[in-house]
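# Kindly generate the corresponding structure for this input.
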Amino acid sequence: MDRLGRQFAADSSRGFGTDPELLLLEQPGTGEALEIPVTLSKFHDEELADYPTMYSL
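Here you go, the predicted structure:
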């Protein structure tokens, strides 16, 4: 969960072995789920570094 209340989840049925892809579950109450089409390790190593204000962790 980030400071805006958005929740993150891993989809273990997709990705590469022990490195699942991520889903961003948008703000609670909207019911909207957005995909982040990268693996967990790439999200941590690249997405958070390249777009820090987008994820607001």
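
# switch to C-alpha atoms for all contacts and neighbour counts from now on
Will do.

# Run a quick neighbour tally on residue 9.
The criterion is other CA atoms under 10 Å. On that basis, residue 9 has 14 neighbouring residues.

# To clarify, my last question referred to residue 40.
Counted with other CA under 10 Å, residue 40 comes out at 21.

# How about residue 39?
By other CA under 10 Å, 20 other residues sit near residue 39.

# these two touch, right, it and residue 15?
Yes. Counting by CA atoms under 8 Å, residue 39 touches residue 15, with 6.0 Å between them.

# Helix or strand next in line after the helix-or-strand element of the chain with minimal mean pLDDT, which one?
Comparing every helix and strand of the chain by mean pLDDT, DSSP states H and E singles out strand 19-25 as the least confident one, with a mean of 77. Downstream of strand 19-25, the next assigned helix or strand under DSSP states H and E is strand 33-39.

# Report all helices and strands that that next one contacts.
In this structure, strand 33-39 makes packing contacts with strand 7-16, strand 19-25, judged by 3 or more CA pairs under 8 Å, 6 or more residues apart in numbering; DSSP states H and E.

# Just send those strands back as a markdown table, with distance to residue 53 too.
What follows is the helices and strands packed on strand 33-39, written out as a markdown table (distance: least, CA to CA, whole Å):
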| stretch | distance to residue 53 |
| --- | --- |
| strand 7-16 | 16 |
| strand 19-25 | 15 |
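
# and those, which is most packed in?
The highest mean neighbour count among those belongs to strand 19-25 (a mean of 19), with neighbours defined as mean count of other CA atoms under 10 Å.

# among the helices and strands packed on strand 33-39, which is nearest residue 44?
Set against residue 44 and scored by CA to CA, the helices and strands packed on strand 33-39 come closest in strand 19-25, at 10.5 Å.

# Quick check: neighbours shared by residue 39 and residue 15?
By the contact definition CA atoms under 8 Å, 6 or more residues apart in numbering, residue 39 and residue 15 are jointly contacted by residue 21.

# pretty sure residue 32 contacts residue 26?
Yes. At 5.6 Å, residue 32 and residue 26 qualify as touching, with contact defined as CA under 8 Å.
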